[in-house]
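> next comes the sequence, and after it the predicted model I'd like to discuss.
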Amino acid sequence: MGACSALGIAYPTQTFAESSNVAAAAVQQSKKVQGTVVDAMGPVIGASIMEKGTSNGTVTDLDGNFSLNVKPGATLMVSYVGYQTQQVVVGNNSTLKVVMKEDSKSLDEVVVVGYGVQKKKLVTGATVEVKGEDIQKLNTTQVLGALQSQSPGVNITAKSGQPGDGFKVAIRGAGTNSDTKPIYVIDGVSGGDINNLNPADIERIDVLKDAASCAIYGANGANGVILITTKQGKTGKVQVSYDGNIGWSNVYKMPSMLTAKQYMEVQDQIAYNNGGSAYDWSKYISSDLLTAYKNGTNSGTNWLDAIRNKNAVSSSHALNITGGNELSKFSTGVGYQYQDGVFGNMAKSDFRRFTFRLNSEHIIYRNSQGLDVVKIGENVYFQHKQNQGIQIGNQYSNVLSTALRANPCIPVYNSDGDYFGYNDLNSSGTAGWFNYNSYTSNPIASMMYNQSANNKSKSFNLSAIGYVEIQPIKGLIYRGQLNYSQSSWSYRCYLPVYKLNDQGDSRTIDQTTQQAGLGWGWSTTNTLNYKFSLAKAHHFDALFGTEYGESRPDFGESISGVSTSSIYGDFSHAYLTLTNDRSAATVTGTPYGDSRGMSYFGRINYDFNETYMLSAIIRADGSSVFAPGHRWGYFPSVSAGWVVTNEKFMQPLSSWFDFLKIRAGWGQNGNKNIVDAFAYQATFAYDDYSNYSFNNNKDGYTQGASPSRLANENLTWETSEQTDLGFDARFLGGRLSTTFDWYYKKTKDLLLYVPVAATTGFSKQWQNAGTVRNTGIELALNWNDNIGKDFSYGVGWNIAVNSNEVTKINSSQTYIEGGNDLLAQNTGYLCRMEVGHPIGYFYGYKTEGVIQNATDLAEYIEKNCGGSASNSLQGSSLKPGDLKFVDVDGDGKITTADKTDLGNPHPDVTMGINLSAAYKGFDISVSGYAALGQQVARSWRKFTDGQYENYTTEVYNYWHGEGTSNKYPLLTPGNTGVNWQSISDIYIENADYFRLQNLTVGYDFAKLIKKCPFPQLRLYFAAQNLFTITGYKGMDPENGMALNSSEAWVTGVDVGNYPQPRTYLFGVNIKF
Amino acid sequence: MKKIKYILAVGLIATGFTSCDINDVTNVTEQSTENFPVSTTDAVAALAGIYENLNAVNANPQETFLYNAMLASDDQFGGGGTNDKLMQAEDLLCNYGTNMTNDFWAQRYQGINRANTLIQALPNTKLTSTEKAQYMGEALFMRAFFHYELASMYGNVPLMTAPSGETMTQGDVKVLWGQIIQDLRDASIMMPATKLTTGHVDKYCAEAMLSRAWLFYTGMYGNGTDLSSLVSTTYNPLTSVTLPNGVVFTKDSVAKYIDDCVNNSGYSLVPDYRNLWAYTNKYTVEDYSYTKGKGLKWVEDDNAVNPESMFAIKFNKLSSWSTTIGYGNGYALHLGIRGGQAYKNTFPFGQGWGAGPVATNLENDWNSADPKGADIRHSASIQNVNDLPAYTHGGWADFVQETDYYQKKLGPISAVDTAETSGYSCCFENLMYGKKGWTQGSENMQLNNIHDLVLIRFADVLLMQSEIEESVSGINKVRARAGLPAISSYSLTALQNERRWELAFEGIRWNDIRRWHIAATALEKQTNAAVYYCGSAGKNTAHNGGYTARYNATAGFKKMPDNAVSIGSVVQNEGWSSSDAEYTGWNN
């Protein structure tokens, strides 16, 4: 193995930079041999041909041909990366054809470990590797979508199904209340955004899960590290490939909304239950419409269906070109992806992305011993993204939530073909809708008149990396890398004047918003790596490195302007210049933050005979975001491994037991993921909350300033400490492989924005104030085999189990609350982060059914209310049909002290399954993903103030007499009664699910057609989200979005989410 | 060759590994307290930051002391819809939900912290001594005002006289009130004897506020500080208070300040009582039958200075949903007519949420006290809704504690506006201050009530002078303006009645009945008064044990915010830990 092998490049040790001289010296007694080197696909460019036992050799040209003068009877060694080395005796032949055979086993698989690579068999940490092809074959728009089923321990949950929306990622459980996203290291640069990458550009992804692996990233590693390598150049003939597909998406599961007739019946029932009488609908609905509703000829408006976008189109195109010779190689690609959303219909919800990649590497100086002394390379990635979307999120301005709640008796359009609006509502029936329900207004009109239909975002990102590697002596490599990134973005929005009702669904002044930002940044990484062996058996791999990065106010800025009185009054002309009222515009402009980061790190890997491994890492990180004196953090790790199968006592089993490695590791990582760079500093800010209108100035105010935060000089890193035990094993000639890990992760000094006493003048302060523990296991099993020559198949299954618990909150409260009023107005906090519970668990009343009759009532009062109905939550009016709230604290009274843990949004278990099979040109693959044990809090109605909102047909399961329901109480007006208005487990649902993520069937026509001009011509059909098995009653059990963006830990709340669509794709893979 | 190679390598490595300084950072978007405030401009900005607290609480007016004082008093009910339980809970002296008034609590302490930060910084700034005296006086006034509201609402609250990141707890309530009085006394002494009409408080505002604080504390705590003393029906006010700085402050001391305010401030009564209220504005006055043709003119028309307004909350057109809703008058919105009724039907009173319907007992008491209707203030303050063009009872079919009477002073006022399709502008301010420049647009009925909300009126000063000095001159000036004959001798009853009529619905009455120790009796008159529930006539039935029981259990102090209790800053007030304190709904 050459010195470079560990870098995954594996050149032969000796090569021929000065081969012409050598050849000249040897010419006297030689024989000229000509030949061609080919593989299954065709000529192999750059294969090396060596005369055995000499330094005489050459490489193949672009057609795979070579010619070499050798001694008669010589043996040629033909080698090329990834192929078995062939020995060919020249004999009397002067023309040779050498067929190279791929051989992955001869090449020790390497994994990327951060600032370098390591032989997989020597790795002592817990890592997962996913090959680019395994990502590409799932044909997802986003990389993370494809990773979901292939990376045990990496919990990936889609935030929504809206095109372009991201994912919530938590490696080994949520260790923090802030964003749990890991650090993405793209081609050696920390801090990139995986959502900017086209999956087609990915060569491989390596996930570092345990602290021993992540410690090399120190203060950035607490949430784990995902290393992404984009496609790199390969020596060999130029290979061009095109991958494209087109698809159609649809909503997978629509809720069953009430029809107009059902709605009226239910509202009548509610009125009756409340002691009133049925409505006289003719007062509110025009007579012909009412007749049609009542006789069923018109079922009213299904608003959700009306905003559905059927057969939403998506398409993807990727062109990749790879090639190179012995000294230079490159890989370049362009990609375009488009995805239309399944909701929006009249309003667009779509996403498009253009990407360009150019990676190349060049050997500048190779010395006479064949050592690559100076190598340079660069990776350039450019991405341009555009999207527009409907508003989703919490109940306000959420198009889906609005559609779920809207009144089915309102038509979408009036008889003139305009949106059924204010005047139509006013003139409906004899009294007009407004006398019945002032909040009834057309949600589609509202969507079209608001941001949802009138917005566009664009972004442009460039990342450029240049590096030089210098290897003055064999095994000693210096690498200097300079990273430059540039990004810009813009956003436009137009809000027109409209009026749908008198209570706020109107706008009297239009608004044009334009925002833009741009900036750049740089960082540098320098490493010195020395690999050496002592006494042949002791192998050392030592690394020392530094990293520096900075952000300065003059590196970038963002500006925003909002003006009124648009001249044209539409979105396409929504630019600030085209508004009349620019003197009254609201403008803001802010610079980048000012911060510096400096790091030093070192790693030493040692192994004895590749049997006993030891690895130690230390990283020191300095960051200016903390107060002077608290700026440096130190993160150590140590891990060890033992390849048991190398031991003599295992020899008897070697016929079936190929490999067993036991690993153990411990380490610490940091997290400085806090919002404010100067949180340690006491400051005044000129802000919007400090102004006062002295002097009767109605049009303006005196700009004020006020203390902007409660400073904390003692702030420091969050530290995550983790122990990992695991093993990797292979059996039966590599056909069966397995990986197992157990971990215990404790995140301490959690950076929490904790509540402080209001007397400080502030409500919250950043403090290092908590501890969270995650513990779990991960197991992956893979089976790959062939039956006969033509049939091959594989089965992969993985499972991860995690348990999350907050073990300490250093505030005077033992909990932190979140999710205020998320389910409905005035319902208070839904989620808590509290000692003894998982982060973000749902907090509310536990119920034990519905009171069915008088006996039941008496029993409930006796059991939970100390014998008196007045101690119930409902008070002395407690009656059948009311919920049985449980007296959790046993004091004989139902009070807020009885609120308890109702479930949590994090799965206990996640599973991935991947099946594949190939027969001749046919291939089929299936992947599925399951998440089990999590709950979702769902409310599609604003149950505290939305009396007249629509229901789904679930309403028929509400209690309406003895024995009709033991879960949901009596149906009452949305705005009365504690049964519906208290947060209880009636809103919490189990959301276990299994999703068949992908089913792909393909056929390679190149195998069918003789003399096919393409080495590969594969056509395929794929179905994404073919089905989801779940007991969850909402549209999609996957709810990773934090409805309040400042509370990343509050997830799993469904007030009308944008579900993952089902997509059918047709695609093609062509290699030229 | 080899040499070059090594030199190159060593050179690159040396450059690459050079350590960079991470300490060279500057905060360019904020000012460090180490160098701010220094100049006059800085101090003006810091001062504006303190006043902004007056606006801040308007985002959630229903949590504030002022709002609570209106609804909890005997003159107004809770009102609102069946789901506006907080409004009804305030009237019934109950709690609804967790942290019912936490926003107000937190915001007032934010204001106090802003004031303390400036108070601490001022001595080291480069301001002139006159500027320092004025600014220090204003900051002390605001600190005292914020503490006054908190102490009136919650009782013994933590006293903050310097910025602190620590959790401060309750001390001696006497020290708390001593400090409030001391701050106002200091402000009265140090501020220049100049009347200001800019919205800044002046020396005379401090004197007025000093008197208000004195009267409340000495009355409320006259019998002692424990609950039974507070709810005792004996009125036995303190005559002297020892301030934290050792000064013994007496009734005679406070008389000097109120005299100075009456005699030297330059503030005066507006000749016609009706001209104090926005329904006499020029865009409305001639279309409202009550004011039409009477030659009335609002004193604040066209930004004129109201000579009677001493301390008011200023509003502007810049309130927005995304930032500061409080730049609009949230009280007006809440007090507005419920039910989304057409402006023409309820003219000139605009739309809102129907908080604080006039309690029937007030109307009855006023009618008995003034059977001939000589007191112009009665009709100037209360509108019988049946006399409106076409009022509909019931609101949005969910109106609770609705009565036939609507307070006219502080709600939204609409105006005829032919430019609007309805023929009316939701708020006369759209016309008075122009339709341009509103952040959320003109005709926004929620945000466009932006005329001043007066917190201290000179009439109050005159009545306080009478009360402190037990003289009739102040009362008689106020009576004369109302068209009533002078009274010859001072009596507490006469003073009490005069304050009730003159200052009705202005948030004054609540502290008055408590400090006079007549609260339980006064409140009880609301029981079984005629109200409408969801449009149907009924009675204001007793809830949670009734008004008297709730008052005697709490002395009218609110439940401490649950957050403040759980974080260890305060202990819960008496009367708030049992289920009797929890309002669950009108029919529950």
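Okay, I see it.
> ok, A:Val936 - contacts?
A:905, A:988-989, A:991, A:1032, A:1034, A:1037, A:1039, A:1052-1054 (Cβ atoms under 8 Å, 6 or more residues apart in numbering or on different chains). (Each C-beta comes from the backbone N, C-alpha and C, glycine too.)
> take those and keep only those in helices.
Cross-referencing the contacts of A:Val936 against helices under DSSP state H gives no overlap.
> restricted to strands, list these.
Among these, DSSP state E puts A:988-989, A:1053-1054 in strands.
> now render those residues as JSON lines, adding pLDDT.
Shown next, in JSON lines, are these (pLDDT from 0 to 100):
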{"residue": "A:Ile988", "pLDDT": "96"}
{"residue": "A:Glu989", "pLDDT": "96"}
{"residue": "A:Val1053", "pLDDT": "94"}
{"residue": "A:Asp1054", "pLDDT": "95"}
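> of the residues you listed, just say which sits nearest to A:Phe694.
A:Val1053 (43.2 Å; Cβ to Cβ).
> follow-up on the earlier one: looking at the ones in strands among the contacts of A:Val936, which one is closest to A:Ser690?
Among the ones in strands among the contacts of A:Val936, A:Val1053 lies closest to A:Ser690 (Cβ to Cβ), at 33.2 Å.
> I'd like to know how many residues surround the closest one.
The tally of other residues near A:Val1053 (other Cβ atoms under 10 Å in any protein chain shown) stands at 26.
> swap in B:Gln341?
23.
> for the nearest residue to it once chain neighbours are set aside, what are its contacts?
Of all residues not flanking B:Gln341 in the chain, B:Thr392 sits nearest, at 5.8 Å (Cβ to Cβ, 6 or more residues apart in numbering or on different chains). Counting by Cβ under 8 Å, 6+ apart, B:Thr392 makes contact with B:339, B:341, B:345.
> which residue is nearest the middle of the chain?
All of this is about chain A. Central residue of chain A (Cα atoms, centre = their mean): A:Phe167, 3.1 Å from the mean position.
> chain B, not that one
B:Leu66 (3.6 Å).
> shouldn't A:Phe434 be within a helix?
Yes - applying DSSP: H, G, I helix; E, B strand; the rest coil, one finds A:Phe434 inside a helix.
> coming back round to it: in helices only, show me the contacts of B:Thr392.
Short answer: the contacts of B:Thr392 in helices (DSSP H) are B:Asn345.
> for the contacts of B:Thr392, which one is nearest chain A?
Proximity of the contacts of B:Thr392 to chain A (Cβ to the nearest Cβ) peaks at B:Gly339, which lies at 8.2 Å.
> next secondary structure after the longest helix seen in chain B?
As assigned by DSSP H, the longest helix anywhere in chain B is helix B:129-154. Sequence-wise, the next helix or strand downstream of helix B:129-154 (DSSP states H and E) is helix B:173-190.
> give me the contact list for that following helix.
Residues contacting helix B:173-190 (Cβ under 8 Å, 6+ apart): B:133, B:136-138, B:140-141, B:143-144, B:147-148, B:151, B:155-157, B:159, B:161, B:203, B:206-207, B:209-210, B:213-214, B:217, B:221, B:225, B:241-245, B:247, B:249, B:253, B:257, B:260.
> show me just the buried residues among those residues.
Buried residues within these, counting neighbours by 16 or more other Cβ atoms under 10 Å in any protein chain shown: B:133, B:136-138, B:140-141, B:143-144, B:147-148, B:151, B:155-157, B:159, B:161, B:203, B:206-207, B:209-210, B:213-214, B:217, B:221, B:241, B:243-244, B:249, B:253, B:257.
> a strand runs through the residue nearest to the centre of chain B, doesn't it?
No - under three-state DSSP, B:Leu66 falls outside any strand and is assigned helix.
> what number of residues lie near the residue nearest to it when sequence neighbours are not counted?
In this structure, B:Leu66 finds its nearest non-sequential neighbour in B:Gly507, 4.4 Å apart by Cβ to Cβ, 6+ apart. For B:Gly507, the neighbour count with other Cβ under 10 Å is 22.
> same question for the one 10 residues further on.
A total of 22 residues lie near B:His517 under the criterion other Cβ under 10 Å.
> could you do A:Glu848 as well?
14.
> how much space separates it from chain B?
The gap separating A:Glu848 from chain B is 20 Å, by Cβ to the nearest Cβ, to the nearest Å.
> so that residue is in which element?
Assigned by DSSP H and E, A:Glu848 belongs to strand A:847-850.
> again with A:Gly589
Using DSSP H and E, A:Gly589 falls in strand A:586-591.
> partners of that strand, with directions?
Using DSSP bridges, the strands paired with strand A:586-591 in its sheet are strand A:556-563 (antiparallel).
> pLDDT (mean, whole number) over the strand it pairs with?
Mean per-residue pLDDT for strand A:556-563: 94.
> OK, contacts around A:Tyr701?
By Cβ under 8 Å, 6+ apart, the contact set of A:Tyr701 is A:691-694, B:48, B:316, B:318, B:327.
> out of these, which one sits closest to A:Ser639?
So of those, ranked by how close each gets to A:Ser639 (Cβ to Cβ), first place is A:Asn691, at 56.4 Å.
> tell me how far that closest one lies from B:Tyr343.
A:Asn691 sits 31 Å away from B:Tyr343, going by Cβ to Cβ, to the nearest Å.
> now swap in B:Thr421 and tell me
11 Å.
> same check on A:Leu653?
Counting by Cβ to Cβ - A:Leu653 and B:Tyr343 are separated by 91 Å.
> which one of the two has more residues nearby?
B:Tyr343 (26 against 13).
> pLDDT score for the residue nearest to that one when sequence neighbours are not counted?
Distances taken as Cβ to Cβ, 6+ apart place B:Tyr424 nearest to B:Tyr343, at 3.6 Å, with adjacent residues excluded. Per-residue pLDDT puts B:Tyr424 at 95.
> tell me how many other residues crowd B:Tyr424.
23.
> okay, and the beta partners of it?
Under the criterion used (DSSP bridges), B:Tyr424 bridges to B:Val416.
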